[in-house]
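Chemist: Just the structure for this:
(one chain, ligands or ions: 1)
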Amino acid sequence: MKIDVRDLSKKYKEVDALKNISFQLEEPKIYGLLGRNGAGKTTFMEILAGQILATKGQIYIDGEKPFDNQKINESICLVKEGNNFKKDLKVKNVLQIFQYFYPTWDEELAKELVEEYNLNPNARIKTLSKGMESALGITVGLASKAPITIFDEPYIGLDAAARKKFYEILLEEYEAEKRTIILSTHLIDEVSLLFEEVLIFQEGELVLKEEADFLRNNTYAVSGTTDEVEAFISDKDVIESKQLAGMMTAYVSGDKQDAVAHGLQVEGVPIQDLMIYLTERKGA
Ligand SMILES: Nc1ncnc2c1ncn2[C@@H]1O[C@H](COP(=O)(O)OP(=O)(O)OP(=O)(O)O)[C@@H](O)[C@H]1O
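Modeler: This next block holds a predicted model:
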């Protein structure tokens, strides 16, 4: 489904959570939505999922507004970091409700995930540990098979092995049937390899939207003496630089041949490092 974000702003009293952002997500892909705390990611995802209204501007999903629009809402599943479910319901009731809600629901996959994560169908939500509640969120998000599935830090309390399983199943399901998956996370180093396209929000603005492969292929680390590297990067787009004992390494955007021609040592930048630097960079 095509997502068209037009001049979107959201104000909460004094806070400008989103400031006039516009972009399109045209294709089913795995998108990484990154940014520091308070950058506006959750606000954006809630507007996209039709849960709250924008102050100005609009998001169109295949030309329609998501708020109060059942046809669109049953194509979107947003799993947040907690409080996704009513506390008095049992696990099996939650699964029934979502099965009923999503026309694309995959009951086999839901059963598989319930088993994988050892969820007791008769347990009430309020008795679940944080990790188990997250596992149920992940189960719902994956089994919904919603054409737009959004995970907003969905794994609070899940251990590393359970998170790894989530990434594996997510990728398997995505390979079998492409859909738009938006993954917002602070665990960039764990998931960066999953992303096909990366969006970075900063203080309510979109500061980067780029194919992950482009970032991988057009960013490099250049090392040498501080004097050499400083001279080289003076007219370059520098993401980050480090100095130690007269030596310097800088992460630079652009064509690496330029640095090679200067006789400097040139290497690739691991995508997770790059995303961490880009996310942290002021005025990226
Ligand atoms: N319901 C609300 N009422 C008032 N301010 C809010 C509300 N929700 C979010 N904000 C503010 O809007 C800004 C953006 O918040 P948002 O939760 O969208 O950011 P985020 O990028 O998801 O952050 P995090 O990574 O910490 O989850 C923050 O300054 C936040 O305090």
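
Chemist: so how far is stretch 41-59 off the chain centroid?
Modeler: Distance, stretch centre to chain centre, for stretch 41-59: 16 Å (Cα atoms, centre = their mean, to the nearest Å).

Chemist: just stretch 125-138 next, same as before
Modeler: Relative to its parent chain, stretch 125-138 has a centroid offset of 21 Å by Cα atoms, centre = their mean.

Chemist: What average pLDDT does that stretch get?
Modeler: Mean per-residue pLDDT for stretch 125-138: 96.

Chemist: ditto for stretch 102-118
Modeler: On average, stretch 102-118 scores 97.

Chemist: Now the terminal residues of it, how far apart.
Modeler: This stretch, stretch 102-118, spans 23 Å end to end (Cα to Cα, to the nearest Å).

Chemist: Give me the residues contacting it.
Modeler: For stretch 102-118, contacts defined as Cβ atoms under 8 Å, 6 or more residues apart in numbering pick out 74-75, 77, 91, 95, 98-99, 119, 121, 132, 135-136, 138-140, 142-147, 162, 165, 169, 173. All C-beta spots, glycine's among them, are computed from the backbone N, C-alpha and C.

Chemist: Also stretch 2-20?
Modeler: Under the criterion Cβ under 8 Å, 6+ apart, residues 21-26, 40, 43-44, 47-48, 52, 54-63, 148, 180, 203-205 lie in contact with stretch 2-20.

Chemist: how about it against the ligand, any contact?
Modeler: Yes. Interface with the ligand: stretch 2-20 contributes 12, 15, 17 (Cβ under 6 Å from any ligand atom).

Chemist: Quickly list what the second one is bridged to.
Modeler: Same thing as residue 15. In this entry, residue 15 is beta-bridged to residue 12, by DSSP bridges.

Chemist: and the longest helix along the chain, what's its mean pLDDT?
Modeler: When the chain is parsed with DSSP state H, its longest helix is helix 160-176. Helix 160-176 shows a mean pLDDT of 95.
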